[in-house]
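**Student:** What shape does this take:
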Amino acid sequence: MIFNFLIVSDEVDDFRREIAIDSEATFLDLQNAILDSVGYTRTELTSFFLCDEDWRKGQEITLMEMDTAADQDSYVMDETRLEEFIEDEHQRLVFEFDLMSERYFFIEVMDIVPGKSLAEPKLLTSEGQPPRQTSLDDLMDPTADPAKQAKGLDLGEDFFGDTEYNEDELDRDGFEGFDEITPDMADNY
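**Tutor:** Numbers count the residues shown, from 1 in each chain. Down below sits the predicted model:
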């Protein structure tokens, strides 16, 4: 049996990928097909979530074993076949490709083709540019442009209380040597 998946993004309107994959393939095979189709590296942590018709997340299938509560079933991509969870056309999933800022691709089963098989996943449609992949290295790079580091993160107007900071309220007497720093000395730091 073959599953045809439609993959879209809420970040890029004209982005669309369609992938055909065998029902006996694993979620890791699907992840790799998706990442290859958008040119992302395979170095970031990812997860699939089964969803209901309103895109509410349910069962998670992780890239690697996570420490979960004993009362929850844990599924890992390389050990879990698509046919174990994919049952119907129009079934929905989300693929979380950026755990740091919770960015997703939305996936829907568009067609199930019984009686056929595929040795390898096949990219059927590739339209539009995918959203930019942000890695943990990008976020931690001290030389990176802060706007690029924050892309995809919702830092908001009041990030770490920056709107409440008032330099005049800082007790300079509590910091030995603070008053001896002149503006031209501060440029050396």
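**Student:** show me the residues around the nearest residue to Gln91 once chain neighbours are set aside that make contact.
**Tutor:** Distances taken as Cβ to Cβ, 6 or more residues apart in numbering place Val109 nearest to Gln91, at 4.5 Å, with adjacent residues excluded. For every residue, glycine as well, the C-beta is placed using N, CA and C. If you count contacts by Cβ atoms under 8 Å, 6 or more residues apart in numbering, Val109 has them with 3-5, 86, 88-92.
**Student:** same thing but at 7 Å, please
**Tutor:** 3, 5, 86, 88-91 (Cβ atoms under 7 Å, 6 or more residues apart in numbering).
**Student:** Kindly report the same for Leu30.
**Tutor:** By Cβ under 7 Å, 6+ apart, the residues touching Leu30 are 21, 82.
**Student:** follow-up on the earlier one: distance check, the residue nearest to Gln91 against Glu96.
**Tutor:** 18 Å (Cβ to Cβ, to the nearest Å).
**Student:** Equivalent analysis for Ser47, please.
**Tutor:** 5 Å.
**Student:** before we move on, what about Asp88?
**Tutor:** Separation of Asp88 from Glu96 (Cβ to Cβ): 22 Å.
**Student:** Looking only at neighbour counts, state which of these two leads.
**Tutor:** Glu96 (20 against 8; other Cβ atoms under 10 Å).
**Student:** so which strand or helix has that one?
**Tutor:** strand 92-98 (DSSP states H and E).
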